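[1] missing the sequence, but the structure's below:
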């Protein structure tokens, strides 16, 4: 009978210590906080487009703002937004907003990104973020994921395009609302919004 | 003392017989079993048919909290979709984990982000191909953000994503991207009674 008590005691001890470890590893599992912060400028960078031509942030800036969207060739969510993304690009071009796509997926080479853009009629510039350096710097996790910079290069909106992947139940046009507010020199009411999407396929880290 | 040993032997013998007999009856497919034993076949096919139900925001919240804590079982939640390649790739590992740990006290639910229109077609078809037995809920919410925020405020909604809740309803482990089975198993081991 004594043996049972000892076993129970050992078990209780094990449970307590493992609980402490679990607590720690849960914290360790947190994704690092987004590098890009609302209200803060995005540091300059240089990335090649799908033809290998280099572009700096300064060279990409639109007169009234710049919109970067992390996109993918093989992600069904990103693909569901192809038409909407291009329409945003067309709609706001005349209003001084430059739309730029960024492909940070290590699984999708530049040639594939180029042919995909041609096939899906994506008329905006698409950069290839090899080694997902910019995705890491900005804390981008998903496709599609938008970063809207104002004329001063400060981040004013980050997140989804809208709330409905298929476009049949859009009730919250978050990205367009943010662009409109920015263009009207109003503060952006909703600066971040999320939706389910595909993970950015980063290069393997050891 | 002799009685105790005799009893133990009898129990062991019964166990061996049952375990030997089980594959013999269970080995034949459900259709064959249905012809011979209708009642058993109904139960069996019910267990084999993946359960996919719609879930709204309130239902999801209830699922996570499972009433008032503390619970007697830890809960594993996986967010996936048939359109998500890495989700499909990790699914066999999750099915194995479900099979290995359900009897040890783990609850496992899979939350599908497929379209409601696919609930009766693509989703159960995939689950059947995986021999999946865990309950699957298809999210039917007007705005996915509330769900993402409810689970983890640092989460961007990238999939797949897997969360392990302890008996008190706290997230004790989370992983974005395809699971690392050994790592996840080690975390579950800390919660279930061995």
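    Done, it's in. Predicted model only: the values in this text are computed from it and were never measured. Residues are numbered from 1 along each chain as shown, chains lettered A, B, ... in the order given.
[2] after the lowest-mean-pLDDT helix or strand in chain A, next one along is what?
    Counting by mean pLDDT, DSSP states H and E, chain A has its least confident helix or strand at helix A:2-28, which shows a mean of 48. The helix or strand immediately downstream of helix A:2-28 is strand A:46-48, counting by DSSP states H and E.
[3] so what are the sheet partners of that next one and their directions?
    strand A:54-56 (antiparallel) (DSSP bridges).
[4] just how off-centre is the strand it pairs with within its chain?
    20 Å (C-alpha atoms, centre = their mean, to the nearest Å).
[5] give me the mean pLDDT for that strand.
    Across strand A:54-56, the average pLDDT comes to 98.
[6] quick one: secondary structure of the spatially most central residue of chain B?
    Against the mean C-alpha coordinate of chain B, by C-alpha atoms, centre = their mean, the closest residue is residue B:134 at 3.0 Å. Three-state call for residue B:134 (DSSP: H, G, I helix; E, B strand; the rest coil): coil.
[7] phi, psi of it?
    When read as degrees, to the nearest 10, the backbone of residue B:134 gives phi -80, psi 150.
[8] before we move on, what about residue B:75?
    Torsion angles, degrees, to the nearest 10, at residue B:75: phi -130, psi 130.
[9] tell me if I'm right that it and residue B:109 touch.
    Yes. Using C-beta atoms under 8 Å, residue B:75 makes contact with residue B:109 at a distance of 7.1 Å. C-beta here means a position set from N, CA and C on the backbone, and glycine is covered the same way.
[10] can you tell me the closest non-neighbouring residue to residue A:44?
    Of all residues beyond its chain neighbours, the one nearest residue A:44 is residue A:57 (4.6 Å), with distances taken as C-beta to C-beta, 6 or more residues apart in numbering or on different chains.
[11] just residue B:165 next, same as before
    Nearest non-adjacent residue to residue B:165, counting by C-beta to C-beta, 6+ apart: residue B:75, 4.3 Å away.
[12] neighbours around the one you found, how many?
    Residues lying near residue B:75 (other C-beta atoms under 10 Å in any protein chain shown) number 21.
[13] again, but for residue B:153
    As a burial measure, residue B:153 scores 8 neighbours (other C-beta under 10 Å).
[14] now residue B:86: closest residue in space, sequence neighbours ignored.
    residue B:178 (4.7 Å).
[15] likewise for residue A:98?
    residue A:62 (3.3 Å).
[16] quick check: phi and psi at residue 147.
    Assuming you mean chain A. Phi and psi for residue A:147, reported as degrees, to the nearest 10, are phi -130, psi 110.
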